[in-house]
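>>> Got a predicted structure plus its sequence, pasted below:
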Amino acid sequence: ELKVEQNPLFLSMQEGKNYTIYCNYSTTSDRLYWYRQDPGKSLESLFVLLSNGAVKQEGRLMASLDTKARLSTLHITAAVHDLSATYFCAVGRENTGTASKLTFGTGTRLQVTL
Amino acid sequence: NAGVMQNPRHLVRRRGQEARLRCSPMKGHSHVYWYRQLPEEGLKFMVYLQKENIIDESGMPKERFSAEFPKEGPSILRIQQVVRGDSAAYFCASSPGLASEQYFGPGTRLTVT
């Protein structure tokens, strides 16, 4: 059974600081997603990582994937208050003949303080 | 291009009643997924459907829960005889094909009193 673990579960950081969220998964995967969720809202897709060594950046967020280590990271640079949200990684895995369901991590609640 | 639509957005049911949650996928998408999110937790896969077929229901509870995606109309997740533990946010996602990115709807928040 595929397991996805994130850490930390909760992160309080000051504006302007840098930090990294980690996502470990237990078996080989075809693709890894990062989502953002604001309280009471749906999921906003941030990144899709498809291959080993993939790195994507959007604004103050950068995601990377190491398939050999089964690890993805979401790096936050110079955090601002607007980044406060819960961040989920999710792993998709082909199951012969079917599209992959997503297995989600537990989420990291990020709080950026002034 | 309208996104994934779900209704109702909020649903309150008393224990023992039935809940019906609807999901209209994005235009051109024929694959629908249902996920459940309990408070303070990540999303858990429930079921994957294509038009008129259930492809993977490995995450669905064996009793009281059913899903369909008819040839015409939205996908429906049905929960019979709801219990307090069914209180959660239920998200629908759609994709255009196999192994394609999934796009999530706004969710239906079910409260069982």
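Good, I have the coordinates.
>>> Grab the nearest non-local neighbour of B:Glu57.
Once flanking residues are discounted, B:Glu57 sits nearest to B:Val47: 4.6 Å by C-beta to C-beta, 6 or more residues apart in numbering or on different chains. To be clear about C-beta, it is placed using only N, CA and C from the backbone, and glycine gets the same treatment.
>>> wait, isn't that neighbour in contact with B:Tyr35?
No - at 9.1 Å, B:Val47 does not count as touching B:Tyr35 under the criterion of C-beta atoms under 8 Å.
>>> pLDDT wise, what is the residue with the shortest distance to the centre of chain B at?
Centroid-nearest residue in chain B, with C-alpha atoms, centre = their mean: B:Trp34, separated by 3.8 Å. On pLDDT, B:Trp34 comes in at 97.
>>> Just say helix, strand or coil for B:Gly85.
Using DSSP: H, G, I helix; E, B strand; the rest coil, the secondary structure recorded for B:Gly85 is helix.
>>> what sits against the residue of chain B found nearest chain A?
Across chain B, the shortest distance to chain A (C-beta to the nearest C-beta) belongs to B:Gly42, at 3.7 Å. Taking C-beta atoms under 8 Å, 6 or more residues apart in numbering or on different chains, we find B:Gly42 in contact with A:Phe88, A:Phe104, A:Gly105, A:Thr106, A:Gly107.
>>> Any chance of the backbone angles for the closest residue to A:Leu49 other than its chain neighbours?
Using C-beta to C-beta, 6+ apart and skipping residues adjacent in sequence, the residue nearest A:Leu49 is A:Leu65, 3.9 Å away. Dihedral angles of A:Leu65 (phi, psi; degrees, to the nearest 10) stand at phi -140, psi 130.
>>> Was I right to think A:Leu65 contacts A:Ser51?
Yes - using C-beta under 8 Å, A:Leu65 makes contact with A:Ser51 at a distance of 7.2 Å.
>>> Quick one: name the residues of chain B near chain A.
Contact residues (C-beta under 8 Å from any C-beta of the partner chain) of chain B with chain A: B:31, B:33, B:35, B:41-45, B:48, B:55-56, B:58-59, B:91, B:93, B:95, B:97-107, B:109.
>>> among these, which ones are buried?
B:31, B:33, B:35, B:42-45, B:48, B:55-56, B:59, B:91, B:93, B:95, B:99, B:102-107, B:109 (16 or more other C-beta atoms under 10 Å in any protein chain shown).
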